[in-house]
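Participant: Return atomic coordinates for the entry below.
(chains A and B)
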Amino acid sequence: MSGLGAFIKKEIKEQIKTYRFLIIAVVLLVIGLATPLMLKYLPQIIKLAGEDIVIDIPLPTAVQALTEYADTIIQVGVLMVVLIAMGSISGEIYKGTAAMVLSKPVSRVSFILAKLFTLSTSFTAALILASAACYGYTTLLLGEANLAAFLALNGLLILFFMVAISLTLLLSSVFRNHLAAGGLALVILIGQAVMLNIPRLGDYMPAGLVSWGTGLLSGEEASAWGALRISLAIIVTCLYLTWLRIRNKEL
Amino acid sequence: MDGLDIVIEILPFIIPLFVLQLALMILALVDLIQREKVKGNNKVLWALLIVLVNIIGPVVYLIIGREE
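Facilitator: Got it, this is the predicted structure:
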């Protein structure tokens, strides 16, 4: 795996130069700040907008705010993963950047691992910022929540993001067209979330990680070890298939 | 609680959100002005999208609107 450090450096520079990290951080941070705020004040704003309308909305709780945050962050986050990663391998191959970089004595495994590492790190750092902001606003506006459960939820969210990143990287190595790679990645990720409702099969879908995390927040004891094992297997398999795909490719 | 009370109560929480959105919009607009080529070759349309569509406009421009 020669040149992994150099590749990571190159990827980090590119993330900064293209403002990708900044975009991810700002979008996730806005969700983190807005979710508890909306939940707390929306009923009052609705009441102010129409005085004659009687809407009986129960007072939101901290658990509700953090659950809502996790659901939104996973939807928007997956969309951002797909948008950002859909052209990351094919783009470099067809623009010729990959040929230039890989002409040096560096391995193709490093090329793939550096992309996974940098994207995962960007999303993890942005998620930490957003979750800290969300937890802070939630405790200020709606009261205390279980911090340990929220941290566990965040760990599961990071793993889910890594599934989405590795899948999109694989499809980006298969399709020359960015939109085809991104579209198929979205279809697969939405499809597995829908399959979560199928008895037995649903226990093994990566989306089960998010339900597991939000369940921890509300004190449920149900776990999703099957989903966790499958998610790890998907990450490894996608990386292996990506490597197979570009191993013998003429650059 | 009347409308003004809610605004006063909510203001300190809203300011960070407003600053973030404004910073992203300014970053996208500065990039748009300095960039020679953009997707679709229509800078005015991109500028409108950035200014009028909150958060999503600047993000879409910064991710897919720029040409190297």
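Participant: name the helices or strands packed onto the helix or strand containing B:G57?
Facilitator: For B:G57, the host element (DSSP states H and E) is helix B:56-60. Helix B:56-60 is packed against helix B:3-34, helix B:43-52, with contacts defined by 3 or more CB pairs under 8 Å, 6 or more residues apart in numbering or on different chains; DSSP states H and E. For glycine as for every other residue, the C-beta is placed from the backbone atoms N, C-alpha and C.
Participant: what's the least confident stretch among these?
Facilitator: Here the helices and strands packed on helix B:56-60 differ in mean pLDDT, and the lowest is helix B:3-34 at a mean of 91.
Participant: How about it and chain A, touching?
Facilitator: Yes - figure legend: helix B:3-34 in contact with chain A (CB under 8 Å from any CB of the partner chain); contacting residues B:3, B:6, B:10, B:13-14, B:16-17, B:20-21, B:23-24, B:27, B:31.
Participant: any chance of those residues in a markdown table, with neighbour count too?
Facilitator: Compiled in a markdown table, those are given as follows (neighbours: other CB atoms under 10 Å in any protein chain shown):
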| residue | neighbour count |
| --- | --- |
| B:G3 | 11 |
| B:I6 | 15 |
| B:I10 | 16 |
| B:F13 | 17 |
| B:I14 | 14 |
| B:P16 | 14 |
| B:L17 | 18 |
| B:L20 | 19 |
| B:Q21 | 15 |
| B:A23 | 13 |
| B:L24 | 24 |
| B:L27 | 18 |
| B:D31 | 18 |
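Participant: can I get those residues in a markdown table with distance to A:S122?
Facilitator: Output for these, formatted as a markdown table (distance: CB to CB, whole Å):
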| residue | distance to A:S122 |
| --- | --- |
| B:G3 | 40 |
| B:I6 | 36 |
| B:I10 | 31 |
| B:F13 | 26 |
| B:I14 | 27 |
| B:P16 | 21 |
| B:L17 | 21 |
| B:L20 | 17 |
| B:Q21 | 20 |
| B:A23 | 18 |
| B:L24 | 16 |
| B:L27 | 17 |
| B:D31 | 19 |
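Participant: what about B:L62, distance to chain A?
Facilitator: Using CB to the nearest CB, to the nearest Å, we find B:L62 at a distance of 5 Å from chain A.
Participant: And for that residue, the neighbour number?
Facilitator: Using other CB atoms under 10 Å in any protein chain shown as the criterion, B:L62 is surrounded by 21 other residues.
Participant: how about it, what does it touch?
Facilitator: Taking CB atoms under 8 Å, 6 or more residues apart in numbering or on different chains as the contact definition, B:L62 lies against A:T18, A:Y19, A:I23, B:L27, B:A28, B:D31.
Participant: I'd say A:S223 and A:W212 touch.
Facilitator: Yes - in this structure A:S223 lies within contact range of A:W212 using CB atoms under 8 Å: 6.1 Å.
Participant: Which one of those two is surrounded by more residues?
Facilitator: Taking A:S223 and A:W212 together and counting by other CB under 10 Å, A:W212 has the greater number of neighbours (19 against 13).
Participant: And the pLDDT at A:M100?
Facilitator: Note for A:M100: predicted pLDDT of 69.
Participant: one step back: got the contact list for the helix holding B:G57?
Facilitator: With CB under 8 Å, 6+ apart as the contact definition, helix B:56-60 has outside contacts at A:I23, A:V27, A:M80, B:L24, B:M25, B:L27, B:A28, B:L49, B:I50, B:V51, B:V53.
Participant: can you pull the buried residues of that helix?
Facilitator: For helix B:56-60, a neighbour-count test (16 or more other CB atoms under 10 Å in any protein chain shown) marks B:G57, B:P58, B:V59, B:V60 as buried.
Participant: Please convert those to TSV, extending it with pLDDT and distance to A:N154.
Facilitator: Compiled in TSV, these are given as follows (pLDDT from 0 to 100; distance: CB to CB, whole Å):
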residue	pLDDT	distance to A:N154
B:G57	94	29
B:P58	95	26
B:V59	92	22
B:V60	92	27
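Participant: follow-up on the earlier one: and the contacts of helix B:56-60, which are buried?
Facilitator: Among those, those that count as buried by neighbour count (16+ other CB under 10 Å) are A:I23, A:V27, A:M80, B:L24, B:M25, B:L27, B:A28, B:L49, B:I50.
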